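[1] Could you work out the structure for the sequence below:
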Amino acid sequence: METSAAQFVERLEALRPPAAAGPDDYHGVAMGQIFGLARECQDMSPAEIERLLDSPVHAVRVGAVSIMDFQARDRKRPAERKRELYELYLRRHDRIDTWDLVDRSAIWVVGEYLVDKPRDVLDRLARSDSPMERRTAILATFAFIRRGELDDAYRIAELLVDDPEDTVHKAVGWMLREAGKRDPARQAAFLERHAATMPRVMLRYAIEKLDKPTRDRWLAMKRPPDSEEDD
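    Numbers count the residues shown, from 1 in each chain. From the prediction side, this is the model:
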């Protein structure tokens with residue numbers, strides 16, 4: 001019998017320390033405990049996962065996206081289930097509304113699903129008004145980056161290079177760093193075009209693993225005189 005959303009929540013509540021301040025207080029529950037419970041409950045149906053996503057409790061939604069992630073990673077999981085997870089993720093992105101929920105599931109649930117499919121949905125997400133949807137767009141490209149396919153990552157990075165949100169800056173920088181490990185020359189070409197004007201945190205994330213002289217060269221590129229970002 002598949003685990004229900006109610007059963008998951010009951011087991012999650014049992015992990016809460018006795019001193020919890022209230023029914024929504026999960027501060028004493030480690031992320032590792034939630035991940036472990038999600039792994040044990042990964043037989044859950046998409047309909048029950050959606051019930052978890054509807055919860056106002058962040059820890060419950062962490063459980064939901066973790067179950068989705070474990071199912072998407074399972075090589076034995078039917079392709080139809082992975083399609084259902086992908087469609088659920090996009091349809092209920094309103095409930096996947098913090099950076100940690102995106103990071104816990106976007107790469108496998110969205111990116112891996114699109115490996116052998118058209119990827120124009122990422123362009124739509126990159127143009128969304130929602131910062132978390134834009135974060136999904138760039139993080140999903142990691143599934144392609146680790147296969148040496150960099151075109152999508154750089155295309156989405158171009159769309160987001162002037163994004164106003166810090167959470168998007170960090171995600172783009174992270175993917176630029178990963179892409180740079182596969183093709184340093186292509187990363188350098190991107191930085192030549194954008195290092196002087198891209199958000200500073202994005203640049204710092206992108207060049208984090210480079211040697212110090214190279215990092216210093218990129219950081220020293222002239223910025224607009226009206227820039228208020230810290231060096």
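[2] use CA for all of it now, contacts and neighbours both
    OK.
[3] Please, where are all the helices along this protein?
    5-14, 31-40, 46-53, 58-73, 79-91, 99-105, 120-126, 131-139, 142-145, 151-160, 166-182, 184-194, 200-207, 212-219 (DSSP state H).
[4] packing partners for the third one?
    The elements that helix 46-53 packs onto, with contact taken as 3 or more Cα pairs under 8 Å, 6 or more residues apart in numbering; DSSP states H and E, are helix 5-14, helix 58-73, helix 79-91.
[5] The same query, at a cut-off of 7 Å, please.
    Helix 46-53 is packed against helix 5-14, helix 58-73, with contacts defined by 3 or more Cα pairs under 7 Å, 6 or more residues apart in numbering; DSSP states H and E.
[6] can you check the second one too?
    Helices and strands in packing contact with helix 31-40 are listed as helix 58-73; criterion 3+ Cα pairs under 7 Å, 6+ apart.
[7] Which strands or helices does the helix it packs on pack on?
    Looks like helix 58-73 contacts helix 31-40, helix 46-53, helix 99-105 (3+ Cα pairs under 7 Å, 6+ apart).
[8] and the closest residue to Thr3 other than its chain neighbours, how many neighbours?
    Among residues not flanking Thr3 along the chain, Met44 sits closest, at 5.1 Å (Cα to Cα, 6 or more residues apart in numbering). Residues within reach of Met44, counting by other Cα atoms under 10 Å, total 20.
[9] quick one, what contacts Met44?
    2-4 (Cα atoms under 7 Å, 6 or more residues apart in numbering).
[10] Which of these are buried? Put it as a PyMOL command.
    The buried subset of these, as determined by 16 or more other Cα atoms under 10 Å, is captured in PyMOL by this line:
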select buried, resi 4
